[in-house]
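# Okay, here's the prediction I keep looking at, along with the sequence it came from:
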Amino acid sequence: MEARFPRRVAIFATLAAVYFVAAKLGLKLAFVHASATPVWPPTGIALAAFLSIGYQVWPGIFLGAFLANLTTAGSVATSIGIGLGNTLEGLVGAYLVNRFANGCAAFDRARDIFLLAALAATLSTTVSATIGVTSLSLGGFAGWTDYGSVWLTWWLGDAVGDLVVAPALVLWSARRRVRWTRNRILEAAVLFPCLSLAGLTIFGGLFPSEIKNQPLAFLCVPFFIWAAFRFGQREAATAILVLSGIAIWGTLHGFGPFVQRTPNESLLLLQAFIGVMAVMTLSLAAVVSERRSVEEQLRHLALSDSLTGLANHRQLMHVLDGEIKRSRRTQRQFAILFLDVDGLKKINDRHGHLVGSQALRRVAEALRASSRVVDTAARFGGDEFTLILPESGAAAARLVAGRISERLTLDGEMPEVSVSVGLAVYPRDGETVDALLGMADGTLYESKARGAARSSRGGEPEDTLFERLRGENGREWLQSRTTDIASKRDHRVSGTRPKKHRVSCSDQLAPRRAEEPGSASGGVRSQRHVLRRRKAGKEGSES
């Protein structure tokens, strides 16, 4: 507690000093009354401080407001009243924004920006204007006959301060790091000089004198739209703040479309224009940001599996095709693991489909935890998963398969989940997507049919199995598997359902199996979600 006290004192002192300096600058533009100005940045500073830091910084706001008014006009009593009004204004505005407009995230949605404009900029600012002007009138420092004009000037200056200063401060404090690409930096280097040039042209007297006061304020609108569409809320708020400073300076010098008989009237019209442009620009930037967020979500949904969060079949095909092209350029191999969840149907039947879905998520988590950042884990479909391992061979792939199996064994959740694994290596087992998937799928289902060792050994005996699959009969069987995978992929893209057919591994590989001692007969259905039961296989061999 004692260590926090000096830090709080430093925050209060800094905030009071910033508020005091901003107030003194704003009061230099007080024409209708010494304490009422149409340009009042401290309101935005107070709102940003309460939203970003918290309500506990109110002493700093009160101290800065009190000192600024005490050194300007009025007495100690009126300065206390004005300071209380300024502090309550910020507290009420921050509470309403936190309660109804999503707090510091109010600039992320157009709806919240409109609520901020209505609740903070329009409603809460009446507190300060009413208390301040009433204090001055009761103290004899302002006439009751001028109450309306002084109140309007006070209120409009505070409202525009909330709309122009607060957004820039809140957005920059929340997102301090500027993560721009080189092209974005160049674009910003073009946007802001162009905006400044447009501001000087409209409000700085760069036009010939006969048209210096023509209604050309609309010329700044394209630059606000540019900032909103191409950058975001933070840069759009900065653009508004920059143009506001240029416009105030030019209007006071008699340039621009808002010049009237008195400086106060000119600034009131200008501030109304700036406030409207601020709401419009920030709302447009929020709409663009929301659209980008939705597009990103849709893109993620289009390329990922909704249950597991892994890449889906479409993204798998894209990554696999790109990895083949890259490996052809670099002359380096890569491996594919094809995994199938053992007994998922039994888990669904015994424990329910929610537990079965959780089992799939457990496998997905094991894939994430066992792979590198450069690896791509995907859900191929149903209970099948694929893991692409760039620049990895068969030995490295078997180690990864072992880690996956170990994580599933040690995760401590019930029911126990295991996987069977098939393996293919580019270019050893094929040079096309269909050939690689066919080999990986073939080794997986042959391992299941033979009752071979599971994931930690990558399919036993792997070398014998690969040699047999490369034989004449094996090539015929793999060709049928490859054709089947390609057919299913095409049907997934077209949205139609392929015709069911069976390819018996035992029929295709019977000559080889007859020579191999201890080989178990029995076939593999081409539909990869159905595995012939061992009991049925044994009965077939006895018959």
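Good, I have the coordinates.
# pretty sure Ser128 is touching Leu88, no?
Yes: with contact defined as CB atoms under 8 Å, Ser128 and Leu88 form a contacting pair (7.2 Å). C-beta: built from backbone N, CA, C; applies to glycine.
# The two - which one has more neighbours?
Ser128 (29 against 17; other CB atoms under 10 Å).
# residue contacts, the more buried one?
For Ser128, the contact set (CB atoms under 8 Å, 6 or more residues apart in numbering) comprises Thr43, Ile82, Gly85, Asn86, Leu88, Glu89, Trp154, Trp155, Asp158.
# Is it possible to get TSV of those residues that adds secondary structure and pLDDT?
Shown next, in TSV, are those (DSSP: H, G, I helix; E, B strand; the rest coil; pLDDT from 0 to 100):
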residue	secondary structure	pLDDT
Thr43	helix	96
Ile82	helix	95
Gly85	helix	95
Asn86	helix	96
Leu88	helix	96
Glu89	helix	96
Trp154	helix	96
Trp155	helix	96
Asp158	helix	96
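# among the residues you listed, who's most crowded?
Asp158 (33 neighbours).
# How is this structure divided into domains?
Listed by automatic domain parsing, the domain ranges of the chain are 1-176, 177-303, 313-542.
# how long is the second one from one end to the other?
As for domain 177-303, its first-to-last residue distance stands at 29 Å under the measure CA to CA, to the nearest Å.
# Settle this for me: Val374 is touching Pro390, isn't it.
Yes: Val374 is in contact with Pro390 according to CB under 8 Å; the separation is 5.4 Å.
# Compare these two and say which is more crowded by neighbours.
Under the criterion of other CB under 10 Å, the comparison of Val374 against Pro390 puts Pro390 first, with 18 against 10.
# Can you name the residues that contact that one?
Pro390 touches Glu323, Arg326, Ser327, Phe334, Val374, Asp375, counting by CB under 8 Å, 6+ apart.
# repeat that for 7 Å
Taking CB atoms under 7 Å, 6 or more residues apart in numbering as the criterion, Pro390 is in contact with Glu323, Phe334, Val374, Asp375.
# How about the backbone phi and psi for the last one?
Pointing back at Asp375 there. Per-residue torsions, Asp375: phi -80, psi 160 (degrees, to the nearest 10).
# Would you mind finding the longest helix in this protein?
helix 263-303 (DSSP state H).
# Report all helices and strands that that one contacts.
The contact analysis (3 or more CB pairs under 7 Å, 6 or more residues apart in numbering; DSSP states H and E) places helix 263-303 against helix 110-116, helix 147-174, helix 221-230, helix 233-252.
# and the next helix or strand after that helix, how far from the chain's centre?
The helix or strand immediately downstream of helix 263-303 is helix 313-330, counting by DSSP states H and E. Centroid separation for helix 313-330 versus its chain: 27 Å, with CA atoms, centre = their mean, to the nearest Å.
# try stretch 107-122
For stretch 107-122, the separation from the chain centroid amounts to 21 Å (computed by CA atoms, centre = their mean).
# For that stretch, give the distance from the opening residue to the closing one.
Start to finish, the residues bounding stretch 107-122 are 17 Å apart (CA to CA).
# from the contacts of Ser128, which is closest to Ser244?
Closest approach to Ser244 among the contacts of Ser128 (CB to CB): Thr43, at 13.7 Å.
# Would you state the strands of this protein in chain order?
334-341, 376-381, 384-389, 419-426 (DSSP state E).
# Just want the angle from the last one to strand 334-341.
Compare the direction of strand 419-426 with that of strand 334-341 by axes from the mean of the first three to the mean of the last three CA atoms, to 10 degrees and you get 160 degrees.
# Outside of strand 419-426 itself, list whatever touches it.
Contacts of strand 419-426 (CB under 7 Å, 6+ apart): 324, 327, 333-342, 363, 393-394, 397, 401, 404-405, 408, 430, 436, 439-444, 447-448, 454-455, 458-459.
# just the buried members of those residues?
Using 16 or more other CB atoms under 10 Å as the burial test, the contacts of strand 419-426 include 324, 327, 333-342, 363, 394, 397, 401, 404-405, 408, 430, 436, 439-444, 447-448, 454-455, 458-459 as buried.
# hang on, the earlier thing: comparing the domains of the chain, which comes out most buried?
domain 1-176 (a mean of 20; mean count of other CB atoms under 10 Å).
# returning to what we had before: of all the helices and strands packed on helix 263-303, which one is nearest Leu29?
Closest among the helices and strands packed on helix 263-303, using CB to CB: helix 233-252, at 7.4 Å.
# Quick check: mean pLDDT of that closest one?
Averaged across helix 233-252, the pLDDT comes to 94.
# Also stretch 327-344?
Rounded mean pLDDT across stretch 327-344 is 89.
# Same check on stretch 117-130?
On average, stretch 117-130 scores 96.
# how much space between the residue nearest to Leu136 when sequence neighbours are not counted and Val76?
Spatial nearest neighbour of Leu136, excluding adjacent residues (CB to CB, 6 or more residues apart in numbering): Ala142 at 3.9 Å. According to CB to CB, to the nearest Å, Ala142 and Val76 sit 17 Å apart.
# can you check Arg368 too?
Look at Arg368 and Val76: by CB to CB, they are 66 Å apart.
# can you list the contacts of Ser128 in JSON lines and add distance to Ala188?
Below are the contacts of Ser128 laid out as JSON lines (distance: CB to CB, whole Å):
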{"residue": "Thr43", "distance to Ala188": "28"}
{"residue": "Ile82", "distance to Ala188": "40"}
{"residue": "Gly85", "distance to Ala188": "39"}
{"residue": "Asn86", "distance to Ala188": "35"}
{"residue": "Leu88", "distance to Ala188": "39"}
{"residue": "Glu89", "distance to Ala188": "34"}
{"residue": "Trp154", "distance to Ala188": "36"}
{"residue": "Trp155", "distance to Ala188": "35"}
{"residue": "Asp158", "distance to Ala188": "31"}
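# Nearest to Val133 among these?
Comparing those against Val133 with CB to CB places Trp154 closest, at 6.0 Å.
# for that closest one, what are its contacts?
By CB under 7 Å, 6+ apart, the contact list for Trp154 reads Ala36, Ala129, Gly132, Val133.
# pretty sure the last one contacts Thr153?
No: in this structure, Val133 is not within contact of Thr153 by CB atoms under 7 Å, at 9.3 Å.
# so what sits against both of these two?
Common neighbours of Val133 and Thr153 (CB under 7 Å, 6+ apart) do not exist.
# Which residues are in contact with Val363?
Val363 sits in contact with Val341, Phe385, Leu408, Val417, Val419, where contact means CB under 7 Å, 6+ apart.
# and with 10 Å instead?
If you count contacts by CB atoms under 10 Å, 6 or more residues apart in numbering, Val363 has them with 308, 310, 339-341, 344, 377, 379, 383, 385, 404, 407-408, 417-419.
# How about Val92?
Taking CB under 10 Å, 6+ apart as the contact definition, Val92 lies against Leu47, Phe50, Leu119, Ala120, Leu123, Ser124, Thr125, Thr126, Val127, Ser128.
# So of those residues, which two are at opposite extremes in space?
Phe50 and Thr126 (17.2 Å).
# pretty sure Thr153 is in contact with Gly26, am I right?
No: here Thr153 lies out of contact with Gly26, judged by CB atoms under 10 Å, at a distance of 11.4 Å.
# any common contacting residues for these two?
Thr37, Pro38, Val39, Trp40.
# any low-confidence regions in this structure?
Confidence mapping of the chain against pLDDT under 70 gives the ranges 1-3, 207-214, 450-543.
# Spatially central residue in it, please.
For the chain, Ser293 is the residue whose C-alpha lies nearest the centre (CA atoms, centre = their mean; 6.3 Å).
# What are the neighbouring residues in contact with that one?
For Ser293, the residues meeting the contact criterion (CB under 10 Å, 6+ apart) are Asp108, Arg109.
# how about 8 Å then?
For Ser293, no residue meets the contact criterion (CB under 8 Å, 6+ apart).
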